[in-house]
Each structure stands twice: as structure tokens, then as C-alpha cells.
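> Quick one: sequence plus predicted model below, questions after.
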Amino acid sequence: MTLSPASSHVPRLRYRLTQEDDLPECLALIPEWLALGPAVTAALPGLWASMYRWPMVLTMVMEDLALPRGQRIQAWGVGLLLGPAEVAQLKLDALPPPGVARRTYEALLDGRLPELDDATLGRHNARGEISGLSLHFCSRPLQFEQAATQALITIANDSFRASMCGYQLRAQYFENHVQTEPFMATAGFQRRPRPPEQEASGLQWWGMTRDEARAILPGSTVRALFDAHPPRFRLSLSQRRMLWMALFYEDDEQLAQQLQLSSHGLKKLWRGVYERIQDGVPDFFGDDLGADEEGKRGPEKRRQVLAYVRQRPEELRPWNPSAP
């Protein structure tokens, strides 16, 4: 593959959590080949107004900070976490006919596919029975020979790992268009060929199971999703949510606003995290970093905690082994 001549535009790409005010720009990226149909397309803004907050929904935007506001979002990724019943309902373990995203949205809209809460996801996760469905990856046109597109693909893979790593996945699935086949193959997905009459739709079915992942060496993006361990500290939902947000919002004021907390409430949450970690590993912060209330030692403790959860993302994921 030959790169096109360098452009005068130097992108400043990053990924971050999808926010409510991103949704109009994100929904405008949905391509025609996703074939959602007029009814689903019309209902999506209302559905997404609440859906982006659901624990079962993992969604990121990839944006170029060198562009003006309103033009920055270059891609939008959406994934769902599902239990065995939802996987069976959508026939993901079999070979579902083309149109998985449309049928999934239809099931979400009419209530056949329920919202899974944190406790339910924690139960599935602890049992190793949680599955991921990449609902769609929508972007500005991908021209694979261009350096800007290749940079976007790199950060899209980083975003995918940040969202999905740390779960005890049994499988990961993704339906995508034939034009994205190079992207899917290099990410490590394994294609499940459909009957010839279904291949004509242009929608390909890709996936990887835990057994398939364990049979190959690490290296690809998708293979990395299956390297996970039980969490060590068993943090609460509010603590996990704060740490997840803190990976994207370094400023305390922004973080408190996203969590709808006061400055005092945010400090209290951080103290609770430090105490939980020290209870589990007394020397985690070293001999010279005793307990305090986010004073002199707070920033260094915070740095250590965030560095740890970046490497061990299972601490950020729900875990509920005692549920029936």
C-alpha cells in the first residue's frame, strides 16, 4: 500500500467518551450501507439520548482537535455488552443474516432487548459468559492509502482496546461492510463466510471466541480483548465510574461536573479508592505515601492508581460473583 502525498493538515487525534452533545454529529456519520431503514433512523436520536449512559453500552468518538468545533469528530464507535440470553436472541453464535445492527436497534426500541444494569453485567462477567457486539464503527470515508486514514485506524484500535479490555469475554462479534475488510482483518477479527446469496448484501460477519483467541499468540487488537483477570480491589460502581472518567478528564472541575458531584464529594470518592486499594495491598503506594485527604500526596496517589488501571482495566469493570 502506497501512502498519498503528505497534506498540509497535521491532525491532532484523540479518542474520548461519547457525550450527549456529540450525538447529532455522530448520527450524521452513519453510512447508507448500514441499512437501518427510515423507522430506526428516525428513532435513533431519542434512543441515544439515554442509551449512551447505559452500562451495557460502550461508545467512543475519535476526533481531530486541529479542526474547528463541529467538524472534529472523524469516527464513532459503538459496542454492546451482552449476556447469554441476548446473544441467543440475536443469534450471534450462529451465523446471523445480514442486518445485525438494524435488528439490534429494533429490539432495543421495542423493548425485546432490555437494558442490562451494572449488577447483571457483573454477574455475567464473573461467570465468564459476557459477549461483546461491535454494533457499528461509523467514520468519514476511509481511503486506506492515505496517511490520515491510517492514523485514524490506529487510534480507532486504541479506542477499541480501551473500551473492551478487562472483561472476561467469551466472544466478540462485528458485522461490517466489505469495503472495511482490510481494517477488520488487520485488527484480528476472523471472518465467518455467509451463504453466497447473503454475501451479496456487502455485509460481512466477523468474530473471535475465547477458545480461538487462546489458540493464537497475542498481537492483534481483538486478541488483546481476551487477556483479562479477576479484579483485585472490587471497587464500587461509583468508584469504578470515577476512575473510568478520570482517564479522560484530568481536570477536577470537569470530572466533578461529569459525575454530578461537588468538590467535596469527589475528594471523598478518591479517598475511598485509596483506602480500598491500601486494604488490599498495604504497600501499593510505597512507604512515603501514607493516608491523607487529597493533600500533598493526593496527586501522586492518583497518578499511581490511574497508571495501574490503565494496565489492569478489569478493575474498572463490573464484577458480581455472589449474584444468583
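The structure has been received and is ready for your questions. Everything quoted here is computed from the prediction, not taken from an experiment. Residues are numbered from 1 along each chain as shown.
> Okay, strands next: where are they in the stretch 1-150 of the chain?
Remark: strands assigned in the stretch 1-150 of the chain by DSSP state E, counting those that start in this stretch are 13-17, 57-64, 73-82, 130-139.
> Need the ones you listed in TSV (columns: mean pLDDT, distance to E175 and mean neighbour count).
The C-beta positions use only the backbone N, C-alpha and C, and glycine is treated the same way. As requested, the strands of the stretch 1-150 of the chain are exported to TSV (pLDDT from 0 to 100; distance: least, C-beta to C-beta, whole Å; neighbours: other C-beta atoms under 10 Å):
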stretch	mean pLDDT	distance to E175	mean neighbour count
strand 13-17	96	22	18
strand 57-64	97	16	23
strand 73-82	97	12	23
strand 130-139	96	8	23
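> out of those strands, nearest to R223?
Smallest distance to R223 across these (C-beta to C-beta): 13.5 Å, for strand 130-139.
> hang on, the earlier thing: need the strands of the stretch 1-150 of the chain in a markdown table with distance to W48, can you?
Putting the strands of the stretch 1-150 of the chain into a markdown table (distance: least, C-beta to C-beta, whole Å) gives the following:
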| stretch | distance to W48 |
| --- | --- |
| strand 13-17 | 14 |
| strand 57-64 | 9 |
| strand 73-82 | 9 |
| strand 130-139 | 11 |
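> so which of those strands gets nearest Y173?
Among the strands of the stretch 1-150 of the chain, strand 130-139 sits nearest to Y173 (C-beta to C-beta), with 5.1 Å.
> Tell me how the chain divides into domains.
13-224, 237-316 (automatic domain parsing).
> Kindly check the end-to-end length of the last one for me.
In this case it means domain 237-316. Domain 237-316 has its terminal residues 9 Å apart, counting by C-alpha to C-alpha, to the nearest Å.
> same question, stretch 174-185
12 Å.
> and it, how far from the chain's centre?
Here stretch 174-185 is found 18 Å from its chain centre; the criterion is C-alpha atoms, centre = their mean, to the nearest Å.
> next one: stretch 214-229
Centre-to-centre, stretch 214-229 and its host chain are 16 Å apart (C-alpha atoms, centre = their mean).
> measure that stretch end to end?
14 Å.
> quick one, what contacts the closest residue to D93 other than its chain neighbours?
Excluding the flanking residues, the one nearest D93 by C-beta to C-beta, 6 or more residues apart in numbering is V87, at 5.9 Å. The contact partners of V87, taken as C-beta atoms under 8 Å, 6 or more residues apart in numbering, are 93, 131, 171.
> Identify each buried residue in stretch 40-58, please.
Buried residues in stretch 40-58, counted by 16 or more other C-beta atoms under 10 Å: 40, 43-44, 48, 51-52, 54-58.
> Show me which pair in these is furthest apart.
Taking C-beta to C-beta as the measure, those span a maximum distance of 22.6 Å, between V40 and P55.
> Tell me how many other residues crowd S322.
Using other C-beta atoms under 10 Å, S322 has 8 other residues around it.
> Sketch out the low-pLDDT regions of this protein for me.
Residues of the chain that meet the criterion pLDDT under 70 lie in 1-7, 287-296, 323-324.
> Any idea how far apart the tips of stretch 99-118 sit?
Using C-alpha to C-alpha, the two ends of stretch 99-118 sit 28 Å apart.
> residues of it that come out buried?
Buried, per 16+ other C-beta under 10 Å, within stretch 99-118: 99-106, 108, 113, 116, 118.
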